[in-house]
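Q: show me the folded form of this:
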Amino acid sequence: MLEEIINQIPLSLTTQALLLGVTVGVVTYYIFGKKKYKLPPGPWAPPLLGNIGAIMSKTPLYKLLLDWRKDYGPVITVYLGPLRCITLNSGDVVNEAYVKKAAEFAGRFQIWSMGPFSDDYRNIVFSDISPAWKYLRKIAHQGLRQYLSGSALEENLFETSSKMMQKLREENGKPIDIHKYINLLVFNLLNGVCFNKSFEIDDELFLVLVESLNSINDDIGKGFLEDIIPPLRKYPTAKFKKIIKKFGVIQTFVAEEFAKHQELYSEGNMKDFTDFLIHGKKQAALEDPEINSIVTERHLIQAVLDIFGAGVDTTRQTITWTILLLVTHPEIQKKVQDELDEVFDAGQPVTISSRERLPYTEAVLHESMRICPVVPIGLPHKTRCDVTLGDYEIPEGTMVMINHFALHHDPDVWKDPEVFRPERFLDGDGKLAPKTMSWLPFSAGRRNCLGETIARPEMHLMLALLLRNFTFRCPEGQTINLMPSPSLGFAPPMNYVVAEERTN
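A: Sure, this is the predicted structure:
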């Protein structure tokens with residue numbers, strides 16, 4: 001039959017014979033010669049379509065994987081269209097892959113749709129391992145430690161929180177959209193760190209940036225068809241074009257601020273994270289001029305966008321979830337406030353150095369991140385060589401992702417995983433217990449969240465400040481909706497709460 005098809009092609013006999021030979025050779029290789037791997041099991045996937053039918057159902061992928069784990073175990077192969085993806089659904093397998101075999105699993109699988117969001121993968125988050133990635137990650141970490149830790153964090157947060165808290169006081173116990181006020185707090189914190197600027201709550205640019213981020217979260221849904229249907233990349237869907245436009249608003253804001261910083265840069269007057277990046281590159285170029293060709297202006301802009309965009313979105317969602325959970329569990333909220341009142345005298349400010357004396361407050365934050373992981377499925381890694389995982393064989397170049405939701409809701413690790421119980425993070429002495437590999441909101445290994453060591457004390461101080469000054473409750477006659485939006489993320493739904501000022 002194959003010979004009959006070849007004979008219908010209007011070529012010379014020699015060319016037909018050569019084409020036939022090559023075709024037979026390729027087919028033979030794929031049937032008999034291509035290396036066979038012992039891949040992890042998973043649900044049946046038809047060619048090309050893969051598991052798209054299940055993935056596009058009403059049940060989010062992170063919950064599907066948790067259900068499938070009962071049948072296939074903690075390491076599951078799924079197909080996102082034609083793309084093979086190995087998903088890790090327990091702490092043990094994540095530890096083996098991302099910690100014990102960190103180098104082998106440290107690549108970044110570059111999904112097509114992420115290119116336009118990262119200036120062709122020039123940022124830290126979506127870049128594969130390269131000299132530029134290593135440099136950006138190193139200098140960004142140094143910058144964060146200088147401008148978002150210790151006394152610098154306290155100074156920035158006290159300044160930004162005072163503006164937000166004054167707005168809450170002005171509402172005088174009226175029902176408010178809590179998202180709006182937490183947005184102001186977090187946006188201003190990152191705006192101050194990155195650009196040494198502050199927004200007012202009715203600032204037009206602030207409202208546009210918030211609306212853009214909200215729209216992206218609402219519209220992203222199950223992801224992009226462009227990633228699994230290549231022809232759509234030339235003729236993108238309306239959804240993809242809309243999200244690109246919304247993200248462009250944030251990109252333009254960051255790029256314009258970066259340009260202003262470059263124009264006004266002064267080595268003796270570095271005020272923020274953006275100045276630090278510009279200074280760092282200039283110093284590195286003095287030692288090695290080749291750095292200018294490895295790390296360009298576009299790389300630096302993307303690094304700032306990583307810190308501003310990702311930092312704002314994850315932090316604001318985590319704090320919002322925590323407040324909503326405390327509103328529905330007033331007895332837990334009171335325990336946090338009792339701990340704060342015991343540690344701090346009346347009128348005494350909350351400090352970053354007091355973090356170890358506030359273990360219950362930290363346990364509440366940990367439990368919030370466990371039960372409501374704002375990134376339920378981690379960013380895709382890529383194997384850098386053929387590697388084993390348990391009894392399975394994973395080919396080089398394979399996409400690998402953590403299902404954080406499965407880890408955080410593993411009934412073998414967490415008793416009653418759907419119950420909000422902060423005490424599970426405390427030891428017998430009431431101190432914070434050692435971290436388990438089944439609690440990984442910041443991932444693990446070489447590509448763990450760049451800002452983990454900064455984000456945890458940042459959010460702890462933020463929560464302590466809020467609960468030291470206010471009690472949050474549900475408006476009379478209303479209920480709190482804790483159902484996340486149906487998408488790749490785990491965004492908190494819109495809710496109204498009442499913020500009552502406390503007297504300390």
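Q: pretty sure Lys431 contacts Tyr360?
A: No - counting by CB atoms under 8 Å, no contact exists between Lys431 and Tyr360, whose distance comes to 9.9 Å. From N, CA and C alone the C-beta is placed, and that goes for glycine too.
Q: who has more neighbours out of those two?
A: Tyr360 (20 against 13; other CB atoms under 10 Å).
Q: how about that one: what's its closest non-neighbour residue?
A: In space, and not counting its chain neighbours, Tyr360 is closest to Glu339: 4.8 Å by CB to CB, 6 or more residues apart in numbering.
Q: contacts only, for that neighbour.
A: Each residue near Glu339 by CB atoms under 8 Å, 6 or more residues apart in numbering is listed here: 358-361.
Q: measure it to Val350 for me?
A: 11 Å (CB to CB, to the nearest Å).
Q: cool, and Glu104?
A: Counting by CB to CB - Glu104 and Val350 are separated by 43 Å.
Q: what of Tyr147?
A: Relative to Val350, and taking CB to CB, Tyr147 is found at 20 Å.
Q: what residues does stretch 66-85 touch?
A: 39-43, 45, 47-52, 55, 59, 61, 65, 86-90, 92-93, 223, 227-229, 380, 389-390, 392, 398-401, 403, 405-406, 409.
Q: buried only: go through those for me.
A: Among those, those scoring as buried are 39-40, 42-43, 45, 50-52, 55, 61, 65, 86-90, 92-93, 223, 227-228, 380, 389, 392, 398-401, 403, 405-406, 409 (criterion: 16 or more other CB atoms under 10 Å).
Q: which SSE is Leu190 in?
A: According to DSSP states H and E, Leu190 maps onto helix 178-195.
Q: so which bits of that helix are buried?
A: For helix 178-195, by 16+ other CB under 10 Å, it's 178-179, 181-195.
Q: quick one: the helices in the stretch 151-300 of the chain?
A: Secondary structure of the stretch 151-300 of the chain, counting by DSSP state H, counting those that start in this stretch: helices at 178-195, 204-219, 238-264, 273-287, 291-294, 297-305.
Q: quick one, which of the ones you listed gets closest to Lys334.
A: helix 178-195 (18.5 Å; CB to CB).
Q: show me what that closest one is packed up against.
A: If you count contacts as 3 or more CB pairs under 8 Å, 6 or more residues apart in numbering; DSSP states H and E, helix 178-195 packs onto helix 150-171, helix 204-219, helix 238-264, helix 273-287, helix 311-328, helix 452-469, strand 496-501.
Q: isn't Arg502 right next to Phe472, touching?
A: No - in this structure, Arg502 is not within contact of Phe472 by CB under 8 Å, at 10.5 Å.
Q: centroid residue for the protein?
A: Centroid-nearest residue in the chain, with CA atoms, centre = their mean: Val375, separated by 5.0 Å.
Q: I figured it was touching Phe442, is that so?
A: No - contact criterion CB under 8 Å: Val375 and Phe442 do not qualify, at 9.1 Å.
Q: so Ala140 lies in a strand, does it not?
A: No - under DSSP: H, G, I helix; E, B strand; the rest coil, Ala140 falls outside any strand and is assigned helix.
Q: report the contact partners of the residue nearest to Phe253 when sequence neighbours are not counted.
A: Using CB to CB, 6+ apart and skipping the chain neighbours, the partner closest in space to Phe253 is Leu209 (6.3 Å). Shown in contact with Leu209 (CB under 8 Å, 6+ apart): 187, 249-250, 253.
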